[in-house]
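A.B. asks: with the input below, show me the fold.
(one chain, ligands or ions: 2)
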Amino acid sequence: MVGRDEELSLLRAQFGFLPTGNRRVVFISGEAGIGKTALMDAFCREVKQSSASVAHGQCLQCVSGKEEYYPLMESLSQLCASADGELACRILARMAPAWLTKGRAPESSTAAHAEPQVRLLGELCAALEELAAAKPLVLVFEDLHWADDSTLDFISVMARRRAPTRVMVLASCRRRKGATGHPLEVVKQDLLVHRLAVEIALAPLAKAAVCQLVIKELQQESLPPGLTGFVYQRSEGNPLFVIAVLEHLIAERFLVRKGTDDTVGWEQNAPLPEMESGVPGELTRMIELEIERLTPEEQRILEAGSLMSVAFPAWAVAAALELDAADAEEACDELARRLYFVERAGQDELPDGTRSAFYVFAHGLYREVLYQRQPATRRAKRQIRIAERLGTLFAGREACVAREMAMHYEAAGDWQRASSALRVAARDAQQRRAYADAMELLEQSLTIAQNLSARESETVKREIQLELMETRRETAMKPRLWMNVSE
Ligand SMILES: Nc1ncnc2c1ncn2[C@@H]1O[C@H](COP(=O)(O)OP(=O)(O)OP(=O)(O)O)[C@@H](O)[C@H]1O
Ligand SMILES: [Mg+2]
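C.D. replies: Numbers count the residues shown, from 1 in each chain. Ligands and ions are numbered 1, 2, ... in the order given. Got it, this is the predicted structure:
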C-alpha cells in the first residue's frame, strides 16, 4: 500500500471504538480503481492479526434481479466456515435459526408479514452482536452500489441498534454522480446525517505516492527521469491506471530491462508516447492492446470468461466456446499463470460430481473491455450456450440457477427463455413464501416479455399477470425498512 496512511489511521480510529461497545459503520467510497478494495484488504489483514473476525460479502452486478441478502449470506457462510465457525453456527442456531438454511436467506418481507422481516433482521443483528462478544467482528461488503435493497436494510438496521457491541460494518461503494435517488445513496446519506456512519472518500494518489507505486511495481528505486511525471499525468493518481500505464509502457517497449546481473533494471528505450487525455478511453485502449497481444484462441477464452458476472468457471468457458472442459481448464490455468490480470480463485464441485476451477479478473474493467469487444451476435450465441449448460448441469433443480440463466438469456436477447427462467425463479420464491422476491421476479419477467412479438407476448403476459395476481393475493408489497426509519 502506498499513500493511504491517513485513511488507514481513520479506519484504525474507527476500529478503536469497538472495545467500548460502540458499533461502527464505515463507507469507503471513490471511483473505480481508486483503491477501495486495496485499502479495506490492508486494514482487514491488520485487524485479523489483532484477532478480530472478518467476513466478506461481495455484491454482484446482475443484469437480472438481485438475490436478496446475497452478500450477507456469503459473509455468514464464511463465518460458519471459519476457525470460529462452530461458535458462529451455535449462536446463529440459537438466536437466528432462520438464517442457517443452506446458504439461502429466510423468506422476505411483505406488508402482511412486515413484522417477520424486521424480526428476522433483529435476530440476525443480535446473533452477530453476541458473536462479537467473543471477538470484534468486521463485516466487509464489497461494491455496495450493486447491493440488493434487503442487504441495505440490514446495514441500516445494524447501524441503528443501540446495544453495546463490537461489530464494525465496512462497505466499499463507487461514488456516482447525480445518483441521489439511488437506494444506496438514500441509506448512506440518512446514516451519515444521523451520525450513525462515517464515510471515507478516497481521493486520487498524490504525485509522491504515484512515484512510490511506480517504484514498487518496477521494483527499483531509481526511475528514468520524467517517468513519474508522465505516469502521474496519464493516470491522474488512480492506482489502477498507474499500473495499466506501466504495463502499457513495458508492452510497447518504451521501458525495457537492460543491464546484467546486479545492474539489471528498467530503462527508457524511446521518448514517452503522446497520449490523448480522457483516462477511461485510454485505459480501455491499453487493455485492448494487452488482449490483442494474445493468440486468437486465448482471446476467445478470456472473452468467454467475461460473460460471467464475477468469477468465471472453466466449465462456462468450455460451454461458451464448445470446448472440452479439461482443455478449457488447462487453457485458463495457463493464462492465470502468465497474465497479471487473471487469477485462479478456487475450485467448485458441480452437481454431476465433476470439479471445475474458477478464475477472476484482477479488475472489473478488464471484464468490461473483454465483454464489449465481442460482436453482439457471437456474444449472444456464447451466452445462450452457457445458459443451456447451466440448465443441463442443474437439471431437476433449475430454480437454483434460474436467475443466472435468465441473465444470460436476457443479455442474448432470447426474451422467451429469459422471461420463463425468471418465472421458474419466481415460483421457487413463492414456494419459500418469499413473496416480495417472487413479485419482483414476475415484474422483471413481464418487462422482458414486452420485447416478444405481439402474438407471443399476449399469451405470456396474460400468464404472468395471473401469476402476479395470485402472488399479490397472498400479500402486498411492503415498503423498504429504511424508508420507514427515515420518515
Ligand atoms: N494505495 C495503493 N497502493 C498500491 N496499490 C494500490 C493502491 N490502491 C490500489 N492499488 C492497486 O490498484 C488496483 C485497483 O485497486 P482496487 O481494486 O482496490 O480499486 P477499487 O477502488 O476497489 O476499484 P473498484 O471500484 O472497481 O472495485 C489494484 O491492483 C490495487 O492493488
Ligand atoms: Mg474494489
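
A.B. asks: pLDDT score for the one residue in the stretch 351-487 of the chain that gets nearest to ligand 1?
C.D. replies: With distances taken as Cβ to the nearest ligand atom, the stretch 351-487 of the chain approaches ligand 1 most closely at G364, which sits 4.9 Å away. (Each C-beta comes from the backbone N, C-alpha and C, glycine too.) For G364, the pLDDT comes out at 73.

A.B. asks: nearest residue to it other than its sequence neighbours?
C.D. replies: Closest residue in space to G364, ignoring its immediate chain neighbours: A32 at 6.9 Å, by Cβ to Cβ, 6 or more residues apart in numbering.

A.B. asks: residue contacts, the one you found?
C.D. replies: A32 makes contact with R174, L240, H363, G364, L365, according to Cβ atoms under 8 Å, 6 or more residues apart in numbering.

A.B. asks: tally of neighbours for the third one?
C.D. replies: Residues contacting H363 under the criterion other Cβ atoms under 10 Å number 18.

A.B. asks: repeat that for the fourth one.
C.D. replies: Using other Cβ under 10 Å, G364 has 17 other residues around it.

A.B. asks: helix, strand or coil for the residue lying closest to A206 once chain neighbours are set aside?
C.D. replies: Counting by Cβ to Cβ, 6+ apart, A206 lies nearest to G3, which is 6.1 Å off, once chain neighbours are set aside. Three-state call for G3 (DSSP: H, G, I helix; E, B strand; the rest coil): coil.

A.B. asks: kindly report the same for G181.
C.D. replies: Recorded secondary structure, G181: coil (three-state DSSP).

A.B. asks: can you get me a residue count around it?
C.D. replies: Here the number of neighbours of G181 (other Cβ under 10 Å) works out to 7.

A.B. asks: please tell me how far it sits from W146.
C.D. replies: In this view, G181 and W146 are 16 Å apart by Cβ to Cβ, to the nearest Å.

A.B. asks: please apply the same query to E470.
C.D. replies: Computed as Cβ to Cβ, the E470 to W146 distance reads 30 Å.

A.B. asks: between the two, who's got more neighbours?
C.D. replies: W146 (20 against 12).

A.B. asks: residue contacts, the residue lying closest to that one once chain neighbours are set aside?
C.D. replies: Leaving aside its chain neighbours, W146 sits nearest to C59 (4.1 Å; criterion: Cβ to Cβ, 6+ apart). C59 makes contact with Y70, P71, F141, E142, D143, L144, H145, W146, A147, D148, T151 under the criterion Cβ under 8 Å, 6+ apart.

A.B. asks: which ones, among the residues you listed, also lie beside ligand 1?
C.D. replies: D143 (Cβ under 6 Å from any ligand atom).

A.B. asks: got phi/psi on Y359?
C.D. replies: Main-chain dihedrals, Y359, degrees, to the nearest 10: phi -130, psi 160.

A.B. asks: check whether stretch 32-49 comes near ligand 1.
C.D. replies: Yes: contact of stretch 32-49 with ligand 1 (Cβ under 6 Å from any ligand atom) involves A32, G33, I34, G35, K36, T37, A38.

A.B. asks: just these that are near ligand 2?
C.D. replies: For ligand 2, the contacts drawn from the residues of stretch 32-49 next to ligand 1 by Cβ under 5 Å from the ion are K36, T37.

A.B. asks: which of the residues of stretch 32-49 next to ligand 1 tops the neighbour count?
C.D. replies: Counting neighbours by other Cβ under 10 Å, G35 comes out on top of these with 27 neighbours.

A.B. asks: correct me if wrong: that residue contacts V242.
C.D. replies: No: contact criterion Cβ atoms under 8 Å: G35 and V242 do not qualify, at 10.0 Å.

A.B. asks: now do the shared contacts for the two.
C.D. replies: Applying Cβ under 8 Å, 6+ apart, one finds that G35 and V242 are jointly contacted by L205.

A.B. asks: which stretches of this protein form strands?
C.D. replies: 24-29, 53-58, 137-142, 167-173, 198-201, 255-258, 265-268, 312-313, 342-349, 355-361 (DSSP state E).

A.B. asks: adding distance to E221, write the ones you listed out as TSV.
C.D. replies: Below are those laid out as TSV (distance: least, Cβ to Cβ, whole Å):
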stretch	distance to E221
strand 24-29	30
strand 53-58	34
strand 137-142	34
strand 167-173	32
strand 198-201	30
strand 255-258	15
strand 265-268	9
strand 312-313	38
strand 342-349	28
strand 355-361	31
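
A.B. asks: and those as TSV, adding mean neighbour count?
C.D. replies: Below are these laid out as TSV (neighbours: other Cβ atoms under 10 Å):
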stretch	mean neighbour count
strand 24-29	22
strand 53-58	21
strand 137-142	25
strand 167-173	25
strand 198-201	16
strand 255-258	14
strand 265-268	17
strand 312-313	25
strand 342-349	14
strand 355-361	20
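
A.B. asks: make CSV out of those and add distance to ligand 2.
C.D. replies: Shown next, in CSV, are these (distance: least, Cβ to the ion, whole Å):
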stretch, distance to ligand 2
strand 24-29, 9
strand 53-58, 9
strand 137-142, 6
strand 167-173, 6
strand 198-201, 14
strand 255-258, 27
strand 265-268, 28
strand 312-313, 17
strand 342-349, 14
strand 355-361, 12
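
A.B. asks: indicate which one of those is closest to L100.
C.D. replies: Of all the strands of the chain, strand 53-58 sits nearest to L100, with 14.8 Å by Cβ to Cβ.

A.B. asks: helices or strands next to that closest one in the packing?
C.D. replies: With contacts taken as 3 or more Cβ pairs under 8 Å, 6 or more residues apart in numbering; DSSP states H and E, strand 53-58 sits against helix 36-49, helix 70-81, strand 137-142.

A.B. asks: who's in contact with D348?
C.D. replies: Residues near D348 by Cβ under 8 Å, 6+ apart: P313, R355, S356, A357, F358.

A.B. asks: which residues does the fourth one contact?
C.D. replies: Spelled out, it's A357. Residues near A357 by Cβ under 8 Å, 6+ apart: P313, A314, E329, C332, D333, R344, G346, Q347, D348.

A.B. asks: between those residues, which is nearest S420?
C.D. replies: For those, the closest approach to S420 (Cβ to Cβ) belongs to P313, at 24.1 Å.

A.B. asks: leaving out the residues flanking it, which one is nearest to the closest one?
C.D. replies: Excluding its sequence neighbours, the residue lying closest to P313 (Cβ to Cβ, 6+ apart) is F358, at 4.1 Å.

A.B. asks: per-residue confidence for that neighbour?
C.D. replies: 95.

A.B. asks: kindly report the residues of the protein close to ligand 1.
C.D. replies: Close to ligand 1, as judged by Cβ under 6 Å from any ligand atom, the chain has residues 1-4, 30, 32-38, 143, 172, 174, 213, 239-240, 243, 362-364.

A.B. asks: surely Q268 meets I250?
C.D. replies: No: using Cβ under 8 Å as the test, Q268 is too far from I250 to be in contact (11.2 Å).

A.B. asks: hang on, the earlier thing: same list (the contacts of C59) but as TSV, adding pLDDT.
C.D. replies: Below are the contacts of C59 laid out as TSV (pLDDT from 0 to 100):
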residue	pLDDT
Y70	88
P71	93
F141	98
E142	96
D143	92
L144	93
H145	89
W146	86
A147	90
D148	89
T151	93
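
A.B. asks: looking at the contacts of C59, which is nearest ligand 1?
C.D. replies: Among the contacts of C59, and counting by Cβ to the nearest ligand atom, the member closest to ligand 1 is D143, at 5.9 Å.

A.B. asks: these two touch, right, that closest one and C173?
C.D. replies: Yes: between D143 and C173 there is a contact under Cβ under 8 Å: 6.9 Å.
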